[in-house]
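S.K.: Have a look; sequence and predicted model below, questions after that.
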Amino acid sequence: MKNNRKKNIRLGVNIDHVATLRNARKENFPSPVKAAELAIHSGADSITAHLREDRRHINDNDIKEISLNFPGKLNLEMAATEEMLAIAEKIKPFSCCIVPEKREEVTTEGGLDVINNHHKLKPMIKSLRDIGVRTTLFIDPDESHLEACYDLQIDCAEIHCGTLCRLHEKNDENFDFEFNKIKTFSKKLFSNGIEAHAGHGLNYETSKIISSVNEIEELNIGFFIIAESILHGLEKTIINLKESMIAGRLLKDE
Ligand code: PXP
C-alpha cells in the first residue's frame, strides 16, 4: 500500500527587513533579535539572516546576538566570499545558505551558478562541513546544476521559487510548468540525499502550494511575513498609543 503520510515541514523566518526598518531611521529599534525571539516563540523553526557585503540590513552584531541567544537556530545567509567564511567559522551558525550577491540588486535575484562557481564553493563547503555547519546552496530548479550539487556534498538545496511566485501573482499559464519543474527537482534532490528547501517571494497562497510537495522540508520566508506583520500590528499599536495619550490627559498638571 502506498504510504501517503506527509513529512513535517519547517519554517525559517527571515528577519532581514526588521533591520531594514531599523536602519532607515538609524535607531536601535525594531530589534531583529527581539523579532527572532517572537518568531521562535510563535513556532518558527529557525531564523534566517542575510549578512550582506554592504551590511544594508543585518549587521555583524545582529548575527552575533542571534547566534548567542538562539543556539541551533541561526541559518546564516551569505555570499561565497573569504570574509563571510571567516565570520561563519567564528560564529558557527546551525546552517549556512550560500547565495549569489550583487551590490546593486534590491534582493537576491536568482539561484547560484553552481557549475561556474564549483571551484570556489568546494573548499568553502568543506570548511563549513568540517566545523559541523549544515550547508545549503540557493539554486534555481535547473537540472543542469544537479551533478555539481551532488559532487559538492551539500546537505540541503534551497530552491529559488521567485519565478513561481511571480507566475502565480500574474495568473500566468506557465505556472504549472514551473511548479512541475520544482516538484521534479525536489524529488531528484531527495533521492540523492539532499534535503530540499524553498524560498523567495512566498506568501500564504504560494507557501501552501509549495508545502504540497512532500519532498520539500523547509520554507524560508521574509518579506511577506514582515509586511503582513506591519499591517496586523498597526491596529494594536494605535490602540496602545491612544491609551497612553488618554492616560497622559488624566495626569495632574504639575
Ligand atoms: N531564501 C533566500 C536564499 C533568500 O535570499 C531570500 C531573500 O533574502 C529568502 C529566502 C526570503 O525571500 P522573501 O524575503 O522574498 O520571503
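M.R.: Yep, that arrived.

S.K.: all contacts plus neighbour counts: C-alpha atoms, from now on.
M.R.: OK.

S.K.: Quick one: mean pLDDT over the helix or strand hosting residue 249.
M.R.: Take DSSP states H and E as the rule and residue 249 turns out to sit in helix 223-250. In this model, helix 223-250 has a mean pLDDT of 96.

S.K.: helices and strands around it, which ones?
M.R.: Packing partners of helix 223-250 (3 or more C-alpha pairs under 8 Å, 6 or more residues apart in numbering; DSSP states H and E): helix 16-24.

S.K.: Could you see whether the ligand lies near the helix it packs on?
M.R.: No. Helix 16-24 lies out of reach of the ligand by C-alpha under 6 Å from any ligand atom, never closer than 7.2 Å.

S.K.: related to what we said a few turns ago, the helix holding residue 249: which residues count as buried?
M.R.: Neighbour-count burial for helix 223-250, with 16 or more other C-alpha atoms under 10 Å as criterion, is recorded at 223, 224, 225, 226.

S.K.: Determine how far it lies from the middle of the whole chain.
M.R.: With C-alpha atoms, centre = their mean, to the nearest Å as the basis, helix 223-250 stands 27 Å off its chain's centre.

S.K.: Now do that helix and helix 16-24, the angle between them.
M.R.: Angle of helix 223-250 versus helix 16-24, following axes from the mean of the first three to the mean of the last three C-alpha atoms, to 10 degrees, is 50 degrees.

S.K.: just use 48 as the starting number from now, easier for me
M.R.: Noted, 48 is the first residue going forward, which turns the last one into helix 270-297.

S.K.: now check helix 270-297, is it near the ligand?
M.R.: Yes. Counting by C-alpha under 6 Å from any ligand atom, the ligand has neighbours in helix 270-297: 270, 271.

S.K.: Thought residue 272 was touching residue 249, still the case?
M.R.: No. Applying C-alpha atoms under 8 Å, one finds residue 249 not in contact with residue 272, separated by 9.1 Å.

S.K.: buried stuff in stretch 78-96?
M.R.: 78-80, 82-84, 86-87, 91-96.

S.K.: typo on my end, it should be stretch 199-213
M.R.: Per 16+ other C-alpha under 10 Å, stretch 199-213 contains these buried residues: 199-212.
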